[in-house]
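K.L.:
sequence first, predicted coordinates after that:
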Amino acid sequence: MTEKYSQELTQLRGSIDKVDQALLGLIRERLDLVARVGAVKHQAGLPIYDPQREASMLARRREEATALGISPQLIEDILRRLMRESYLNEKDVGFKQINPALGPVVIIGGQGALGQLFAQMLLLSGYQVRLLDKDDWHNADALLAGAGLVLISVPISITCDLIRTRLGNLPADCILADLTSVKAEPLAAMLAAHQGPVVGLHPMFGPDVGSFAKQVVVVCHGREPAQYQWLLDQMVIWGASLVDAAADRHDNAMQLVQAMRHFSTFVYGLNLCREQADLSHLLTFSSPIYRLELAMVGRLFAQSPELYADIIFAQQDSLDVISRYLDNYRQALELLQQGDRAGFIQWFEDVSSWFGSFAPQFREESRTMLQSVNDMKSSA
């Protein structure tokens with residue numbers, strides 16, 4: 001490179017650095033404004049997440065970007081990342097307390113990651129929180145005395161037994177709720193053990209989310225819903241999206257959403273292990289979609305084996321769902337063994353037709369995720 005071009009490149013890069021520094025200042029200014037918005041929301045008791053406001057704002061920014069010759073997807077990607085950071089900042093301001101008259105909240109299993117997350121959110125909302133963990137049962141009567149809400153966050157395998165043997169003498173007006181990913185049996189156990197308000201909750205996210213904004217919580221109603229409506233309203237203020245579901249229907253869905261999916265991921269990881277696959281080598285040749293799939297497999301094995309064993313073994317009916325999955329795998333393998341390319345294409349078209357409009361929707365949704373994965377590739 002000649003000295004002339006080298007100097008020109010240095011000057012241009014200096015200009016880019018100045019623009020980047022200006023962007024940093026604007027981002028700081030935006031985050032400060034968001035903090036002020038969070039304070040107003042806290043005082044007014046407004047949800048941290050407003051989907052209509054977000055959709056309207058993004059639509060306007062996309063139009064404005066297009067008018068400036070900027071990719072609308074670029075500005076949306078930037079703003080969505082900023083909004084994710086904003087939700088985290090808003091959370092730290094705290095939340096309006098919906099039920100100031102509530103007695104202490106007791107979280108059974110409160111030293112676990114999910115229990116700690118709910119404890120944090122309740123404390124940020126001004127509630128008194130007590131933690132009752134496995135080594136605290138000698139002091140259970142004192143911890144449970146006067147409780148306004150008892151929240152169960154223990155492994156699925158011991159949830160029902162704990163409810164039946166430990167929670168039969170709660171205050172009459174105390175709300176009893178659980179956070180397990182299986183709902184029918186725990187809900188029945190709570191209704192039998194406690195004559196007061198009962199509700200089953202399933203947070204459809206892990207404890208590492210950082211914020212409840214846009215996160216789904218399934219609600220399985222039990223008894224006296226008017227008495228625990230404040231809790232549902234409180235979670236909406238935290239940013240959660242609530243989905244009502246009958247316990248049996250929820251559990252049937254979880255056989256596909258969790259048990260079968262986690263089991264198939266487990267088997268794929270097991271196969272990679274037994275094949276002694278060189279993961280670094282695979283990543284070198286991976287497309288963004290394969291890198292994402294491999295990341296999801298690795299994510300599972302970076303977590304608690306007891307947790308996933310509980311999820312997979314929790315429902316006996318999951319065995320039937322997983323067995324049917326294996327049957328479909330074997331039938332598809334037979335097509336490959338027979339060299340039946342036409343049969344494969346026909347089955348592919350059948351499944352594509354069954355997916356209907358969801359297939360192109362998922363293709364579009366995955367596009368942004370795959371771009372993000374590809375952006376990360378060079379820095380990995």
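P.N.:
That came through, no problem. Numbers count the residues shown, from 1 in each chain.
K.L.:
C-alpha only now, for contacts and for neighbours.
P.N.:
Will do.
K.L.:
hey, where'd the strands end up in the protein?
P.N.:
For the chain, strands defined by DSSP state E occupy the ranges 105-108, 129-132, 149-152, 175-178, 198-203, 216-223, 241-244.
K.L.:
can I get those strands in CSV with mean pLDDT and mean neighbour count?
P.N.:
Below are these laid out as CSV (pLDDT from 0 to 100; neighbours: other CA atoms under 10 Å):
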stretch, mean pLDDT, mean neighbour count
strand 105-108, 98, 25
strand 129-132, 98, 20
strand 149-152, 98, 24
strand 175-178, 98, 26
strand 198-203, 98, 24
strand 216-223, 98, 20
strand 241-244, 97, 15
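K.L.:
include distance to Arg80 when you put these into a markdown table, please.
P.N.:
Formatted as a markdown table, those follow (distance: least, CA to CA, whole Å):
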| stretch | distance to Arg80 |
| --- | --- |
| strand 105-108 | 33 |
| strand 129-132 | 33 |
| strand 149-152 | 33 |
| strand 175-178 | 32 |
| strand 198-203 | 22 |
| strand 216-223 | 18 |
| strand 241-244 | 18 |
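K.L.:
Leu319 is nearest to which of these?
P.N.:
Across these, Leu319 has its closest neighbour in strand 198-203 (21.4 Å, CA to CA).
K.L.:
could you list the domains of this structure?
P.N.:
The record's domain split for the chain, according to automatic domain parsing, is 3-93, 105-245, 250-377.
K.L.:
to Asn99, which of those lies closest?
P.N.:
domain 105-245 (6.4 Å).
K.L.:
so how far is the closest one from its chain's centroid?
P.N.:
17 Å (CA atoms, centre = their mean, to the nearest Å).
K.L.:
now do the end-to-end distance for it.
P.N.:
25 Å (CA to CA, to the nearest Å).
K.L.:
do stretch 294-311 as well
P.N.:
End-to-end distance for stretch 294-311: 21 Å, by CA to CA.
K.L.:
which stretches of the stretch 251-380 of the chain have low pLDDT?
P.N.:
375-380 (pLDDT under 70).
K.L.:
in the stretch 51-200 of the chain, which spans are helices?
P.N.:
Under the criterion DSSP state H, counting those that start in this stretch, helices of the stretch 51-200 of the chain are mapped to 51-67, 72-93, 113-124, 140-144, 156-166, 184-193.
K.L.:
so which of the strands of the chain is nearest Met369?
P.N.:
Nearest of these to Met369, taken as CA to CA: strand 216-223 at 19.5 Å.
K.L.:
paired strands for that closest one, with orientation please.
P.N.:
Paired strands of strand 216-223, with direction, are strand 198-203 (antiparallel), strand 241-244 (parallel) (DSSP bridges).
K.L.:
run through who's touching it.
P.N.:
Strand 216-223 has contacts (CA atoms under 8 Å, 6 or more residues apart in numbering) with 183, 187, 191, 196-205, 240-247.
K.L.:
centroid residue for the protein?
P.N.:
Among the residues of the chain, the one closest to the centroid is Phe205, at 2.6 Å (CA atoms, centre = their mean).
K.L.:
how near is Leu12 to Thr2?
P.N.:
In this view, Leu12 and Thr2 are 16 Å apart by CA to CA.
K.L.:
do Arg80 as well
P.N.:
Arg80 is 42 Å from Thr2, by CA to CA.
K.L.:
these two: which is more packed in?
P.N.:
Between Arg80 and Thr2, counted using other CA atoms under 10 Å, the more crowded position is Arg80 (13 against 6).
K.L.:
how close does that one sit to Ile98?
P.N.:
Taken as CA to CA, the span from Arg80 to Ile98 is 29 Å.
K.L.:
could the helices of the stretch 51-200 of the chain go into CSV alongside distance to Ala44 and mean pLDDT?
P.N.:
As requested, the helices of the stretch 51-200 of the chain are arranged in CSV below (distance: least, CA to CA, whole Å; pLDDT from 0 to 100):
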stretch, distance to Ala44, mean pLDDT
helix 51-67, 16, 94
helix 72-93, 13, 85
helix 113-124, 15, 95
helix 140-144, 31, 96
helix 156-166, 37, 96
helix 184-193, 34, 97
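K.L.:
redo those as CSV? Include distance to Ala342.
P.N.:
Shown next, in CSV, are the helices of the stretch 51-200 of the chain (distance: least, CA to CA, whole Å):
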stretch, distance to Ala342
helix 51-67, 44
helix 72-93, 38
helix 113-124, 48
helix 140-144, 65
helix 156-166, 45
helix 184-193, 44
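K.L.:
quick one: which of the ones you listed is nearest Arg367?
P.N.:
When the helices of the stretch 51-200 of the chain are compared by CA to CA, helix 72-93 sits nearest Arg367, at 11.1 Å.
K.L.:
what does the closest one contact?
P.N.:
With CA under 8 Å, 6+ apart as the test, helix 72-93 has contacts from 31, 34-35, 37-39, 42, 48-49, 58, 61-63, 65-66, 124, 210-211, 213, 238.
K.L.:
hang on, isn't Gly206 packed against Leu114?
P.N.:
Yes - the criterion here is CA atoms under 8 Å, and Gly206 meets it with Leu114 at 7.1 Å.
K.L.:
show me which of the two is the more surrounded one.
P.N.:
Leu114 (19 against 11).
K.L.:
thought that one was touching Val209?
P.N.:
No - judged on CA under 8 Å, Leu114 makes no contact with Val209 at a distance of 10.1 Å.
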